[in-house]
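Enquirer: build me a structure from this.
(chains A, B, C and D)
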Number of protein chains: 2
Amino acid sequence: MTIYDISEKAGVSIATVSRVLNGSQNVSDKTRKKVLDIIDRYGYTPNAFARGLGLNTMRTMGIMCADSSDPYLAKAVYYIEQKLRASGYDSLLCCTGYAPETKAASMNLLLTKKVDGIILAGSNFVHDKESENKYIADAAAQIPVMLLNADLDIPNVYSVLSDAFSSMYEATVSVFQSGIKDILYFYNSNSYSGKHKLAGFLAAMKEQTASEADAMTQFYHGSHEDVHAMVDCLKNLRDKGLVFHGVIASDDMLALAAVKYAREMNYRIPEEFSVLGYNNSMLALCCEPELTSIDNKLETLCQHLITTLLGLLEGREMPKKTVFSGEIIRRGTTR
Amino acid sequence: MTIYDISEKAGVSIATVSRVLNGSQNVSDKTRKKVLDIIDRYGYTPNAFARGLGLNTMRTMGIMCADSSDPYLAKAVYYIEQKLRASGYDSLLCCTGYAPETKAASMNLLLTKKVDGIILAGSNFVHDKESENKYIADAAAQIPVMLLNADLDIPNVYSVLSDAFSSMYEATVSVFQSGIKDILYFYNSNSYSGKHKLAGFLAAMKEQTASEADAMTQFYHGSHEDVHAMVDCLKNLRDKGLVFHGVIASDDMLALAAVKYAREMNYRIPEEFSVLGYNNSMLALCCEPELTSIDNKLETLCQHLITTLLGLLEGREMPKKTVFSGEIIRRGTTR
DNA sequence: ATAGTAAATGTAAGCGCTTACACATCATGC
DNA sequence: GCATGATGTGTAAGCGCTTACATTTACTAT
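Expert: Residues are numbered from 1 along each chain as shown, chains lettered A, B, ... in the order given. Below you'll find the model as predicted:
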């Protein structure tokens, strides 16, 4: 069933059918009704490929994320997909993994499919070396690229992010002033936001301890899902003689591992041992006691991201960078 | 940059360029190289819409799921997306929510975009009334439809699922025989697999207690994320005088809530109180003590689902229904 | 050398839609 | 009654690709 079939059955030209389909004003009510009736009766659906060929768009957006099963990213993908759908866009999802090599290839795939815009969900997509961000610049030369929780000084790349530095800074000060001074920063990413979080922690510690000595930090290399490995990582530190009574983690999973660690060490939480997570994901409530965590307003971020993206596609001027502040959600793992 | 530009620069016809692009054998090596060089030099990418128009496919699969931020579904989406990508297919994601009304509309959207197949990830897509499954039958009349964890007797609808009944049956027997006899079944879905799980529990209880009396069950109506509401639901039961020392839950989130409940009641787990979850998701390890949970081999299911789908698209005969058995992963919440 | 065949390449007709432009129709004002 | 302009409709030219079929070229066997 094509537009030709419909035009024939309705006794009009294909142009008229097309006009009806696209809500053009230049169609008389009588004709419109006639066409609509036929379409209804025979159940015609326009061919998206032909449409795409003519209009050069299929109203589809590309979403890239490292791993859509990570709770935080899953939530982000969910919000983004919902909001896009509400505006009549479909979402082509592309999970790239964390390895840098695959990212450019994945992006090319999306470009090939002629998406209208690309959303990079997660700060792991921007790298230190400018050359490694070339694939983003290349894409941005063709279509708008949106960064969630990252920022990049490239034309046509827009970003929406939360102020990770300040959130971490305040959180650290808060834990420190609650009386726990030997705090370990436990993190697993050197991404854009990862760096800012770390910097926030270090700045706060430097100020609070009034010392130039290095604050305690530990990078975790293992799987993002393996709680046991995370706990082991902390135990190793302990075995090496590092003593800490607070853990500030770069995400809730690491924080949860810290809580497990503290339990195994028989620390009382939060009196003797404090833990603070990041993302305020579902995991925070799953923990026992429940996790104090930094909420970075993911839904708000996603909302603005989509608004910006759609605005760009409509040719409007949009802010190149939008920053929101996070909020500490206090629960049982801190005083 | 179109195929015409390339053909001109290479001094061949567009047919030849197309042949090179599609790996046709009927091209001399010399010509092939010449064309490839030009393509390389000028950076040509085929227009997917035009390609789609001609071939009537864009190698894209539609994935529908209620909520991609649910840990189990997120994982499913992740596996499916990965495996599709490995076979050269992209994934159009469509989160429908749990309301039945939106499902048909979402499916139409995917159909409009001319996906090659549709994957319904989650058993909440099949309903009791045949009329409510019409939207699936309609889609299946056009393209293959795959059901994950559900089954439906409709032509061209294929399913891959785990044997929820048996898993639940065995799990229930196991808990019962460990000495905990007042078991509550705590569930939140009447979906296809939901029903089978419940049936497995009831069958086991009937057999074990050798009684026709109703086993204890409680349906949870609230949000899928709200642990507190789940705990409250259990407390209400308790306040009403219902005594139970075991909870078998239809998913890990509910199980986790049961653990929280048991802690609040100061039961010792697993000696005085046992909990068993379903899905063996990441939540199981986040729990304290860690959750005994039924693993339904999600990755295997997804693998078979994709294999079946791709087989169908190649015109091969494929099993209409593939069932795997689950496995109880024993951890700290049961003896 | 030459007919006969196989391999390489070109030509052109779609695929189903949008839309600029041309044309027809109709109401208006004089 | 007729020029004027709005409004509705049709015609046809793309959009960029694939592919059946036609044509040319390169080999083989005689």
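Enquirer: can you show me the helices along the stretch 151-300 of chain A?
Expert: Assigned by DSSP state H, counting those that start in this stretch, the stretch 151-300 of chain A shows helices spanning A:164-177, A:192-209, A:227-239, A:252-264, A:282-286, A:298-313.
Enquirer: does any bit of the fifth one sit next to chain B?
Expert: Yes - for helix A:282-286 and chain B, the contact criterion (Cβ under 8 Å from any Cβ of the partner chain) is met by A:282-283, A:285-286. Any C-beta I mention is one placed from the backbone N, CA and C, and that applies to glycine too.
Enquirer: from these, which is closest to DNA strand C?
Expert: Set against DNA strand C, the nearest of the residues of helix A:282-286 next to chain B by Cβ to the nearest atom of the strand is residue A:282 (42.0 Å).
Enquirer: contacts only, for the closest one.
Expert: Residue A:282 makes contact with A:71, A:75, B:71, B:225 under the criterion Cβ atoms under 8 Å, 6 or more residues apart in numbering or on different chains.
Enquirer: any chance of the residues of helix A:282-286 next to chain B in TSV with pLDDT as columns?
Expert: Written out in TSV, the entries for the residues of helix A:282-286 next to chain B read as follows (pLDDT from 0 to 100):
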residue	pLDDT
A:282	92
A:283	94
A:285	94
A:286	93
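Enquirer: out of the contacts of residue A:282, which are inside helices?
Expert: Secondary-structure check on those using DSSP state H: residues within helices are A:71, A:75, B:71.
Enquirer: what is the helix or strand of chain A with the lowest mean pLDDT packed up against?
Expert: Each helix and strand of chain A was given a mean pLDDT (mean pLDDT, DSSP states H and E); the minimum falls on helix A:101-112 at a mean of 90. Helices and strands touching helix A:101-112, by 3 or more Cβ pairs under 8 Å, 6 or more residues apart in numbering or on different chains; DSSP states H and E, are strand A:60-65, strand A:90-95, strand A:117-121, helix A:134-140.
Enquirer: so stretch A:127-136, near chain B or not?
Expert: No - with Cβ under 8 Å from any Cβ as the measure, stretch A:127-136 is seen stopping short of chain B, the closest distance being 13.4 Å.
Enquirer: end to end on that stretch, go ahead and measure it.
Expert: Across its full length, stretch A:127-136 reaches 10 Å between end residues, using Cα to Cα, to the nearest Å.
Enquirer: just the residues contacting that stretch, thanks.
Expert: In this structure, residues lying in contact with stretch A:127-136 by Cβ under 8 Å, 6+ apart are A:100, A:103-104, A:107-108, A:120, A:125-126, A:145, A:152, A:154, A:157.
Enquirer: same check, this time on stretch A:217-237
Expert: The contact list for stretch A:217-237, computed with Cβ under 8 Å, 6+ apart, reads A:67, A:70, A:184-188, A:190, A:198, A:201-202, A:244, A:247, A:253-254, A:256-258, A:260-261, A:264, B:282, B:285-286.
Enquirer: try stretch A:259-266
Expert: Contact partners of stretch A:259-266, identified using Cβ under 8 Å, 6+ apart, comprise A:227, A:231, A:234-235, A:238, A:247, A:269, A:273, A:275, A:287-289, A:291, A:333, B:288.
Enquirer: out of the ones in helices among the contacts of residue A:282, flag the one nearest to residue A:318.
Expert: Proximity of the ones in helices among the contacts of residue A:282 to residue A:318 (Cβ to Cβ) peaks at residue A:75, which lies at 23.9 Å.
Enquirer: how much space is there between residue A:228 and DNA strand D?
Expert: Residue A:228 sits at a distance of 49 Å from DNA strand D (criterion: Cβ to the nearest atom of the strand, to the nearest Å).
Enquirer: ok, that residue - how many residues close by?
Expert: A total of 14 residues lie near residue A:228 under the criterion other Cβ atoms under 10 Å in any protein chain shown.
Enquirer: repeat for residue A:179
Expert: Counted with other Cβ under 10 Å, the burial measure for residue A:179 works out to 12 neighbours.
Enquirer: next up, the contacts around it.
Expert: Contacts of residue A:179 (Cβ under 8 Å, 6+ apart): residue A:335.
Enquirer: state the distance from it to residue B:254.
Expert: 37 Å (Cβ to Cβ, to the nearest Å).
Enquirer: ok, now residue A:258?
Expert: 26 Å.
Enquirer: residue A:312 now?
Expert: When distance is defined by Cβ to Cβ, residue A:312 is 42 Å away from residue B:254.
Enquirer: just residue A:248 next, same as before
Expert: When distance is defined by Cβ to Cβ, residue A:248 is 31 Å away from residue B:254.
Enquirer: one more: residue A:75?
Expert: With Cβ to Cβ as the criterion, residue A:75 and residue B:254 are 20 Å apart.
Enquirer: so the two - more neighbours on which side?
Expert: Set residue A:75 next to residue B:254 and count neighbours by other Cβ under 10 Å: residue B:254 wins out with 27 against 22.
Enquirer: that older thread, and the least confident helix or strand of chain A, does that touch DNA strand D?
Expert: No - using Cβ under 7 Å from any atom of the strand, no contact is recorded between helix A:101-112 and DNA strand D, whose separation bottoms out at 10.2 Å.
Enquirer: using PDB, list the CA coordinates for that helix.
Expert: C-alpha atoms of helix A:101-112 as PDB (Å, rounded to 0.1, in the frame of the first residue of the first chain):
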ATOM      1  CA  GLU A 101      38.700   2.400  20.300                       C
ATOM      2  CA  THR A 102      35.100   1.400  19.600                       C
ATOM      3  CA  LYS A 103      33.700   4.800  20.200                       C
ATOM      4  CA  ALA A 104      34.600   6.300  16.800                       C
ATOM      5  CA  ALA A 105      33.200   3.300  15.000                       C
ATOM      6  CA  SER A 106      30.000   3.400  17.000                       C
ATOM      7  CA  MET A 107      29.600   7.000  16.200                       C
ATOM      8  CA  ASN A 108      30.100   6.400  12.500                       C
ATOM      9  CA  LEU A 109      27.400   3.800  12.600                       C
ATOM     10  CA  LEU A 110      25.000   6.300  14.000                       C
ATOM     11  CA  LEU A 111      26.100   8.900  11.400                       C
ATOM     12  CA  THR A 112      25.500   6.400   8.700                       C
END
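Enquirer: okay, buried residues for it please.
Expert: For helix A:101-112, the buried set under the neighbour-count rule, 16 or more other Cβ atoms under 10 Å in any protein chain shown, comprises A:103-104, A:106-107, A:109-111.
Enquirer: out of those residues, which comes closest to DNA strand D?
Expert: Nearest member of the buried residues of helix A:101-112 to DNA strand D, counting by Cβ to the nearest atom of the strand, is residue A:111, at 13.0 Å.
Enquirer: what's near enough to touch the closest one?
Expert: When contacts are counted by Cβ under 8 Å, 6+ apart, residue A:111 touches A:118, A:139, A:142-143, B:45.
Enquirer: in those, which residue is surrounded by the most others?
Expert: residue A:118 (27 neighbours).
Enquirer: surely that one meets residue A:142?
Expert: No - contact between residue A:118 and residue A:142 fails when scored by Cβ atoms under 8 Å: they sit 9.2 Å apart.
Enquirer: per-domain residue ranges of chain A.
Expert: Structural domains annotated on chain A: A:3-46, A:59-163+A:298-326, A:164-295, as defined by automatic domain parsing.
Enquirer: could I get the residues of helix A:282-286 next to chain B in CSV, plus columns for distance to DNA strand C?
Expert: What follows is these, written out as CSV (distance: Cβ to the nearest atom of the strand, whole Å):
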residue, distance to DNA strand C
A:282, 42
A:283, 46
A:285, 47
A:286, 48
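Enquirer: also near DNA strand D: which of those residues, exactly?
Expert: When Cβ under 7 Å from any atom of the strand is applied, no member of the residues of helix A:282-286 next to chain B is adjacent to DNA strand D.
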